[in-house]
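Visitor: mind looking at a prediction? Sequence and model below.
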Amino acid sequence: MNKRELGQIIRDRKRRFTSKELEELSTQIMEKLELHPKVQDAQIIMMYYSLADEVYTHEMVDKLYHGGKTILLPKVIADGIMEIRRYEGQKSLRQGAFGIMEPIGPLYTDFSSIDLAVVPGMSFDKEGNRLGRGKGYYDRFLIQLTTTYKLGVCFDFQKTDQVPCEVTDVKMDEVL
């Protein structure tokens, strides 16, 4: 099975759930995330601000931020390219590319200081391989985070035995 076929299978599985059901399924994943030792120990965390069909992160982003963590969120700046900016509360978000809420806070470039990256995906396998949405934004960015622990998050129905991968794909250290 190739990436496009796997992506279609996962999209079909996602359509079986309402956004409210996906939000409810997200609760236990976010509880595990909050208690995860890597989250507890991290000071600087790259997160993502979820779309309706992704593991819901909005409340966790706020909770970690208000708990004193430095939260970084991605912002699409060109086709296939993203940067990260500091999250400074709800007021620091604007609707950006693909309808995603993106940060307008200060640009963050000290990649070696990022303790943890929480990464969404269409699918993950038990080896930590990740299938994204097909544009390569995360893979091009994550390759720069050489010392950062990469934690993929997904719903159980998004896990597969094997995600087709290429040399440019960045593996996760762990998947929740």
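Guide: Great, that's in hand.
Visitor: helices or strands next to the lengthiest helix in the chain in the packing?
Guide: Selection of the longest helix in the chain by residue count, based on DSSP state H, yields helix 19-35. Packing contacts for helix 19-35, counted by 3 or more C-beta pairs under 8 Å, 6 or more residues apart in numbering; DSSP states H and E, involve helix 58-66, strand 149-153. Bear in mind the C-beta positions are built from the backbone N, C-alpha and C, glycine included.
Visitor: okay, those in CSV with mean neighbour count next?
Guide: Shown next, in CSV, are these (neighbours: other C-beta atoms under 10 Å):
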stretch, mean neighbour count
helix 58-66, 17
strand 149-153, 22
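Visitor: ok, P37 to E31 distance?
Guide: 14 Å (C-beta to C-beta, to the nearest Å).
Visitor: so, low pLDDT: which residues of this protein?
Guide: For the chain, residues meeting the criterion pLDDT under 70 lie at 97-98.
Visitor: repeat that with 80
Guide: 78-80, 96-100, 134 (pLDDT under 80).
Visitor: quick one: the helices in it?
Guide: With DSSP H as the criterion, the chain has helices at 3-14, 19-35, 37-41, 58-66, 137-142.
Visitor: now do the buried residues in stretch 23-30.
Guide: Within stretch 23-30, the residues that count as buried by 16 or more other C-beta atoms under 10 Å are 23, 26, 29-30.
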